[in-house]
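Q: turn this into a model:
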Amino acid sequence: MSRSVRLVPAVAAATLVLALTACDDAGAPDTPGSRARDVSGAPGVGDPFFPEAGNGGYDVSHYGLTLAYTPEGNRLTGTAVVTARATEDLAAFDLDLAGMEVEEVTVGGDRAGFRRDGQELIVRPPDALADGETFEVRVRYSGSPRTITDPDGSKEGWLRTADGALALGEPTGSMAWFPGNHHPSDKASYDIAVTVPKGLTAVSNGELRSARTTDDGRTAFVWHTAEPMASYVATVAIGHYTVTRSTLPPAGDTDTDAVAGPVARGGLPVYVAVDPSQVAASRKVLARLPEVMEWAEYNFGPYPFSSAGAIVDRHEDAAYALETQNRPVYPGAPDMAILVHETAHQWFGDSVTPKSWQDMWLNESLATYAEWLWTEDEGGATAEETFTELYDHGEDEYEDLWAFPPAKPTSAAHVSDTPVYQRGAMVIHRIRRTVGDDAFYDIVQGWAAAHRHGSAGTADFTAYVEKQAPDEDFDEIWADWLYGEGKPAHP
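A: Numbers count the residues shown, from 1 in each chain. Now for the predicted structure:
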C-alpha cells in the first residue's frame, strides 16, 4: 500500500487535483503545485499484522492534545498539534484517525488540504516539506469517538463507562481519539489537557501539571509526559475517582504496615485513581506498589519514568489490564500477579517498545517471567518449578500453549495468545538456565538500559543475548523454543 515516487504527466496531475479537491471533509484546496515529483508518505509502516498502522515519511517528536469531553451524548472535541520531522521530501502525508469529523487542518500555521480514506487522514500542506524539515500539523476535530473491536474480539479505543470513558490503545485503539502516527515504532512526548464536567476527574499519563475550573464551571486537567511514549500506551480515564497522590520513600523503606496508601520510593511522584466501588478491595494490594517498584528496580534496573501509579476502574469498564505508561489500568482491584506484571511492563513494553506487533512476545514474556520471579522471591514455586509444571502439564490449563512459537504468531488475532505469554516466559527461563543467574540479570538489566525509551525487535534481542554470553550456544533455544513449531523436546 506504499505510495511510490513517480512522475506525474500533466493530464494525470490535473486529474489528481480534481480528486483531492473533492474531499470528504471541508478543507483548503488540495493542489500539488508545480512539482513534477508527487512524493507522499506511505499510509502504513508495513507492520506484518497491522499493515495500515503508522505512517511513512516522518517521525513524531511531540503530541499536544487539547480535549473536551461530555459523557452525555459521548461528545469529544479536540485539537491535536503534532510536531514531526520529515524523513523524505513530502508533498502529502497521512495521519491515523478512525471516525471523528475533521473540521480544519493546518501545517505550519497555514490551511492544508485533507481528505479521508478509511483510517487515513491524508494531509497535503500548502508547500511541500523537505527531507529533514521539522513541521507542525494542527487538526481540529469532533464527534463521538468509537470503540474498536480487535481481531481477537477484545474492545479498545474509546470505551464508555457508567460515569465517563476510558481510552485503551493496544494495538491500534488510540486512533479512535486523536490523529497520529499510531505504531509502536514511533514514540513521542505528550501534553494532554482534558476538560470534563464539574465533579469528574480526567486522568492521563505522566505528571499532573494543573487542575483548574473553567469559566463555564467545567474542570481542565493538564498532564505532561516528557519521556517518549508509544501511542498505544497513552490513556485518558474520565470518571468519579478516589485519588491518592504521594511519593516513593527511600529505597528499603517500604514497610507496608506503616503506609496509609500507595507511596513510592526516592521522591518519585505516584498518582493512583480508583473507582469508589473498588477502593476497599484495592487498598491492600496497592499498598504494596512501593515494594513491587523497589523489587523491580533491583531486578530490572532504574525505573525509566518520572512518575508512577495506577488507574483502577470497574470490572465492567474494561475486560483486561493494560500497561498504560506511568499508571497501568486495571479492571477492578488487581491481585499481586497482575500488579507485578503491569509494573514490569514499564520496563518491557513501555520503555523498551516492540518494533512491530510480531515482537509482542518481548513485552509479554518478560512481564510474565517477572511474575515467576516474584513468586520465587516470595517463597512460592521457583521459576524452574513453574517452567517444569508448564512443560509437563501446561496443556491442562492452556490448551493452546504449543499452538505456535512465541516469535511467530499466526495472525493479528493471536498476538496476545498464550504462547506469547507463557511459552515466551519459558524462552526467558531457558536463557537464564543456560547462562546462570548472574549473567541472566546482567542481560535483563542491560537490555532494558541499552534500549531505554526506544524500540527493539526479536532479532535485536537474540543478538544482544548472544553478545552478552558469547561462550554459550543458543541455537537450540532460538530454533526450538522461540521459532520452532509444536512442543519442543524435553529440555
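Q: so after the biggest helix by length in the chain, what's the next helix or strand?
A: Looking across the chain with DSSP state H, the single longest helix is helix 360-377. Downstream of helix 360-377, the first helix or strand assigned by DSSP states H and E is helix 383-397.
Q: what ranges in the protein fall below the confidence cut-off?
A: For the chain, applying pLDDT under 70 flags the ranges 1-37, 252-265.
Q: pretty sure residue 175 is touching residue 96, no?
A: Yes: between residue 175 and residue 96 there is a contact under CB atoms under 8 Å: 4.2 Å. C-betas here are computed from N, CA, C, even on glycine.
Q: need the residues touching each of those two.
A: 119, 182 (CB atoms under 8 Å, 6 or more residues apart in numbering).
Q: first vs last residue of stretch 128-139, how far apart are they?
A: The first and final residues of stretch 128-139 sit 18 Å from each other (CA to CA, to the nearest Å).
Q: make that stretch 297-313, sorry
A: End-to-end span of stretch 297-313 (CA to CA): 26 Å.
Q: which parts of stretch 222-235 are buried?
A: 222-225, 227-235 (16 or more other CB atoms under 10 Å).
Q: sorry, back to before: what's the angle from the longest helix of the chain to helix 383-397?
A: 120 degrees (axes from the mean of the first three to the mean of the last three CA atoms, to 10 degrees).
Q: from the middle of its chain, how far away would stretch 355-374 be?
A: Taking CA atoms, centre = their mean, to the nearest Å, one finds the center of stretch 355-374 at 14 Å from the center of the full chain.
Q: buried ones in it?
A: Buried residues in stretch 355-374 (16+ other CB under 10 Å): 355-374.
Q: same check, this time on stretch 276-294
A: In stretch 276-294, counting by 16+ other CB under 10 Å, buried: 277-278, 282, 285-294.
Q: just the C-alpha atoms of that stretch, please, in CSV.
A: Taking C-alpha atoms only, stretch 276-294 is exported to CSV below (Å, rounded to 0.1, in the frame of the first residue of the first chain):
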residue,chain,number,x,y,z
PRO,A,276,-15.1,4.4,44.5
SER,A,277,-16.6,0.9,44.2
GLN,A,278,-13.1,-0.6,44.1
VAL,A,279,-11.3,1.4,46.9
ALA,A,280,-11.8,-1.2,49.7
ALA,A,281,-10.9,-4.2,47.5
SER,A,282,-7.8,-2.4,46.1
ARG,A,283,-6.3,-0.9,49.3
LYS,A,284,-4.2,-3.9,50.4
VAL,A,285,-2.6,-4.7,47.1
LEU,A,286,-2.0,-1.1,46.0
ALA,A,287,-0.3,-0.5,49.4
ARG,A,288,2.4,-3.0,48.1
LEU,A,289,3.1,-0.9,45.0
PRO,A,290,6.2,0.7,46.6
GLU,A,291,7.5,-2.8,47.4
VAL,A,292,6.9,-4.0,43.9
MET,A,293,8.7,-0.9,42.5
GLU,A,294,11.7,-1.5,44.6
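Q: quick revisit: which of residue 175 and residue 96 has more residues huddled nearby?
A: residue 175 (28 against 25; other CB atoms under 10 Å).
Q: so how far is residue 122 from residue 373?
A: 47 Å (CB to CB, to the nearest Å).
Q: sorry, back to before: is it possible to export the buried residues of stretch 276-294 to TSV including secondary structure?
A: Rendered in TSV, the data for the buried residues of stretch 276-294 read as follows (DSSP: H, G, I helix; E, B strand; the rest coil):
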residue	secondary structure
277	helix
278	helix
282	helix
285	helix
286	helix
287	coil
288	coil
289	helix
290	helix
291	helix
292	helix
293	helix
294	helix
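Q: which stretches of the stretch 51-200 of the chain form helices?
A: Assigned by DSSP state H, counting those that start in this stretch, the stretch 51-200 of the chain shows no helices.
Q: repeat for the stretch 201-350 of the chain
A: Counting by DSSP H, counting those that start in this stretch, the helices of the stretch 201-350 of the chain are 279-286, 289-300, 336-344.
Q: what's the following helix or strand after the last one?
A: Proceeding C-terminally, helix 336-344 gives way to strand 352-354 as the next helix or strand, assigned by DSSP H and E.
Q: tell me the helices and strands packed up against that next one.
A: If contacts are counted by 3 or more CB pairs under 8 Å, 6 or more residues apart in numbering; DSSP states H and E, strand 352-354 sits against helix 360-377, strand 454-456.
Q: now the two most distant members of the buried residues of stretch 276-294.
A: Longest distance between any two of the buried residues of stretch 276-294 is 29.5 Å, between 277 and 294; criterion CB to CB.
Q: show me what stretch 270-277 is in contact with.
A: So stretch 270-277 is in contact with 201, 203, 207-208, 237, 239-248, 261-264, 282, 286, 289-290, 307-314, 317, 326-327, going by CB under 8 Å, 6+ apart.
Q: hang on, I meant stretch 332-347
A: Against stretch 332-347 from outside (CB under 8 Å, 6+ apart): 278, 281-282, 285-286, 288-289, 292-293, 296, 300-301, 303-305, 308, 310, 312-315, 321-323, 325-326, 328, 330, 363, 366-368, 370-371, 374-375, 448.
Q: how about that stretch as PDB, C-alpha atoms only?
A: Taking C-alpha atoms only, stretch 332-347 is exported to PDB below (Å, rounded to 0.1, in the frame of the first residue of the first chain):
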ATOM      1  CA  GLY A 332     -11.300  -4.000  39.200                       C
ATOM      2  CA  ALA A 333      -8.900  -4.500  42.100                       C
ATOM      3  CA  PRO A 334      -5.700  -6.200  40.900                       C
ATOM      4  CA  ASP A 335      -4.100  -9.200  42.500                       C
ATOM      5  CA  MET A 336      -0.400  -9.300  43.100                       C
ATOM      6  CA  ALA A 337       0.400 -11.200  39.900                       C
ATOM      7  CA  ILE A 338      -1.300  -8.600  37.700                       C
ATOM      8  CA  LEU A 339       0.300  -5.700  39.700                       C
ATOM      9  CA  VAL A 340       3.800  -7.300  39.200                       C
ATOM     10  CA  HIS A 341       3.100  -8.000  35.500                       C
ATOM     11  CA  GLU A 342       1.900  -4.500  34.600                       C
ATOM     12  CA  THR A 343       4.700  -2.900  36.700                       C
ATOM     13  CA  ALA A 344       7.300  -4.900  34.900                       C
ATOM     14  CA  HIS A 345       5.800  -3.700  31.600                       C
ATOM     15  CA  GLN A 346       7.000  -0.200  32.400                       C
ATOM     16  CA  TRP A 347      10.500  -1.600  31.600                       C
END
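Q: perfect, I'm done here.
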